[in-house]
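In: Sequence first, predicted model second:
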Amino acid sequence: MPSHVEAAVVRDPDDKFTLEKLELSSLGPLDVLVKIAGAGMCHTDLAVRGPAGRPLRPIVLGHEGSGVVAAVGSQVSRVAVGDSVVLSYDSCGGCGNCRSGRPYFCATWMDRNTGPGLSREHATLSDAEGRPVNNTFFGQSSFADHCVASQNNVVKVSPELPLEILGPLGCGLQTGAGAIVNVLQVLPGQSVVVFGAGAVGLAAVMAARICGASAVVAVDVVEGRRQLALDVGATHALDGAAPELLDQLQRITSGADCAFDTTGRAAVIATAVDALAQGGTCALAAPGEELRLPAQQIVFGRRLVGVLEGDAVPDVFIPQMIDWWQSGVFPFDKLIERFPLREINEAAEASTSGRVVKPVLVP
């Protein structure tokens with residue numbers, strides 16, 4: 001087991017990621033030390049790098065890791081050294097929601113995934129001056145060559161798979177595909193409109209086609225992402241800035257059965273709700289602006305529902321997505337561009353600009 005790790009640390013809101021050598025303490029009883037093969041970069045990482053993440057700094061971000069188990073704590077039973085794993089969100093495994101198969105609503109979810117991680121004993125990181133560095137982001141902090149996860153948020157996968165690209169299955173792709181399959185429960189012949197053709201939205205597009213939707217409409221302001229949406233399964237791709245957008249959606253769907261917003265923007269959500277047929281449902285995946293809707297948009301049978309990690313159980317859903325990919329119907333690899341970990345700031349810029357849908361950092 002290594003005594004030090006190399007990780008990308010964020011210290012101040014306006015700072016870039018800085019690679020640092022950090023000291024690793026002994027593993028906790030349920031810890032799993034993972035040698036990272038690849039880690040996807042999500043917009044959540046970039047949001048927490050900004051002012052929203054100030055209380056957590058200094059912090060190692062990254063929450064779409066994959067790799068090989070390098071060491072395990074004394075009570076770990078689910079994986080062993082040498083296993084290939086994909087990392088997802090953490091959960092306690094013992095609260096009522098976890099026991100009832102809803103770990104995405106774990107009673108300690110916020111602490112384990114977006115807080116200081118006080119809910120479990122775990123290995124810690126410290127810098128050259130001996131000061132602690134937060135390493136509990138989504139129970140992994142995987143922008144590093146090694147990270148500390150829990151046995152509850154590692155999913156064992158075949159060592160024959162291309163491990164370095166599988167990390168995004170643990171969050172962004174799971175959220176998008178799960179929103180369609182688990183939350184909206186799209187049926188064959190239904191119509192689906194997806195607002196935002198980033199990784200989450202494109203995963204939703206792919207899942208909607210898998211579910212047999214007759215019309216899958218992707219809406220985005222970036223032409224290249226609209227084309228990518230068509231490449232991975234959308235039947236239509238519309239410019240989100242077009243003044244006649246709602247009319248276009250009505251012509252295509254005659255009122256959508258389902259809508260999925262990944263932007264968090266109030267105006268976009270209002271359009272998504274307007275685009276629904278009576279009895280239709282709009283799912284929301286991104287926290288964002290305050291939302292105000294006229295009551296008549298809802299009371300005539302339309303519904304809004306939130307999505308957290310696609311309401312997915314990672315042990316079940318990640319293998320499902322891998323099966324889809326292997327059968328050729330979930331081509332998530334088309335969204336990915338690899339960057340060396342040392343080029344993490346270039347990857348962040350590529351993501352922010354929209355040039356790359358899903359950067360994957362390779363130590």
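Out: That came in fine, so what should we check first?

In: rest of the way, CA atoms for contacts and neighbours
Out: Noted.

In: End to end on stretch 289-298, go ahead and measure it.
Out: 19 Å (Cα to Cα, to the nearest Å).

In: can you list contacts of stretch 172-187?
Out: The contact list for stretch 172-187 (Cα atoms under 8 Å, 6 or more residues apart in numbering) reads 42, 64, 168, 199-208, 211-213, 258, 260, 281, 283, 285, 307-312, 317-318, 332.

In: Tell me if I'm right that T281 and D261 touch.
Out: No: using Cα atoms under 8 Å, T281 makes no contact with D261, being 11.0 Å away.

In: So for the two, which residue has more residues nearby?
Out: When T281 and D261 are compared for neighbours, D261 comes out ahead with 29 against 24, by other Cα atoms under 10 Å.

In: so what's the more buried one up against?
Out: 194-196, 201, 268-269, 272, 282-286.

In: ok, 7 Å please
Out: 194-196, 269, 283-285 (Cα atoms under 7 Å, 6 or more residues apart in numbering).

In: any idea how far it is from L173?
Out: Look at D261 and L173: by Cα to Cα, they are 14 Å apart.

In: what does V86 give?
Out: 13 Å.

In: Poorly predicted segments of the chain, please.
Out: 13 (pLDDT under 70).

In: mind redoing it with 90?
Out: By pLDDT under 90, the weakly predicted segments of the chain are 1-2, 12-15, 47, 50-55, 286-301.

In: all helices of it, in order?
Out: With DSSP state H, the ranges of helices along the chain come out as 43-49, 96-99, 109-114, 172-178, 199-210, 223-231, 245-253, 266-274, 296-299, 314-326, 344-353.

In: Would you mind telling me which of the ones you listed is nearest E160?
Out: helix 314-326 (11.9 Å; Cα to Cα).

In: Please identify the buried residues of that closest one?
Out: Neighbour counts over helix 314-326 (16 or more other Cα atoms under 10 Å) mark 314-315, 317-319, 321-322, 324 as buried.

In: what do you get for stretch 35-53?
Out: Buried, per 16+ other Cα under 10 Å, within stretch 35-53: 35-42, 45-46, 48-49, 53.

In: And for stretch 223-243?
Out: Quick answer for stretch 223-243 (16+ other Cα under 10 Å): 225-230, 232-238, 240.

In: Turn these into TSV, including distance to P58.
Out: TSV is the format used below for those (distance: Cα to Cα, whole Å):
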residue	distance to P58
R225	34
R226	37
Q227	39
L228	36
A229	37
L230	40
V232	38
G233	41
A234	41
T235	44
H236	43
A237	41
L238	41
G240	37
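
In: what's the closest of those residues to V72?
Out: V232 (38.3 Å).

In: wait, isn't the closest one in contact with A204?
Out: No: counting by Cα atoms under 7 Å, A204 is not a contact partner of V232; they are 10.3 Å apart.

In: Just the buried subset of the contacts of D261, written out for ChimeraX, thanks.
Out: Buried residues among the contacts of D261 (16+ other Cα under 10 Å), as a ChimeraX selection:
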select :194,195,196,269,283,284,285
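
In: with the contacts of D261 in mind, which one is nearest to P294?
Out: Closest to P294, out of all of the contacts of D261 and judged by Cα to Cα, is I269, at 12.3 Å.

In: Skipping its backbone neighbours, what lies nearest the closest one in space?
Out: Spatial nearest neighbour of I269, chain neighbours left out: D261 (6.4 Å); criterion: Cα to Cα, 6 or more residues apart in numbering.

In: one step back: now the buried members of the contacts of stretch 172-187.
Out: 42, 64, 168, 199-208, 211, 213, 258, 260, 281, 283, 285, 307-312, 317-318, 332.

In: could the buried residues of stretch 35-53 be laid out in a markdown table, adding distance to V181?
Out: Below are the buried residues of stretch 35-53 laid out as a markdown table (distance: Cα to Cα, whole Å):
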| residue | distance to V181 |
| --- | --- |
| K35 | 31 |
| I36 | 29 |
| A37 | 28 |
| G38 | 26 |
| A39 | 25 |
| G40 | 22 |
| M41 | 23 |
| C42 | 21 |
| D45 | 25 |
| L46 | 27 |
| V48 | 28 |
| R49 | 31 |
| G53 | 31 |
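
In: Closest one to F138 out of the residues you listed, please.
Out: For those, the nearest to F138 is D45 (10.3 Å; Cα to Cα).

In: what about A237, distance to I322?
Out: Counting by Cα to Cα, the gap from A237 to I322 is 26 Å.

In: Over to V9?
Out: For V9 relative to I322 (Cα to Cα), the value is 31 Å.

In: ok, now S150?
Out: 22 Å.

In: Next: A208.
Out: 16 Å.

In: How about G178?
Out: 13 Å.

In: Correct me if wrong: E309 contacts L169.
Out: No: counting by Cα under 7 Å, E309 stays clear of L169, with 10.6 Å between them.

In: List the buried residues for stretch 325-345?
Out: 329-332, 335-339, 341-342, 344.

In: now it, how far from the chain's geometric center?
Out: The chain centre lies 13 Å from the centre of stretch 325-345; the measure is Cα atoms, centre = their mean, to the nearest Å.

In: now the end-to-end length of that stretch.
Out: 29 Å.

In: Bridged to the residue nearest to I269, which residues?
Out: F195, L284 (DSSP bridges).

In: State the distance from it to L187.
Out: Counting by Cα to Cα - D261 and L187 are separated by 19 Å.

In: Quick check, F300 in contact with Q278.
Out: Yes: using Cα under 7 Å, F300 makes contact with Q278 at a distance of 6.3 Å.

In: ok, the two, which is more surrounded?
Out: The residue with more neighbours, out of F300 and Q278, is Q278; 18 against 12, by other Cα under 10 Å.
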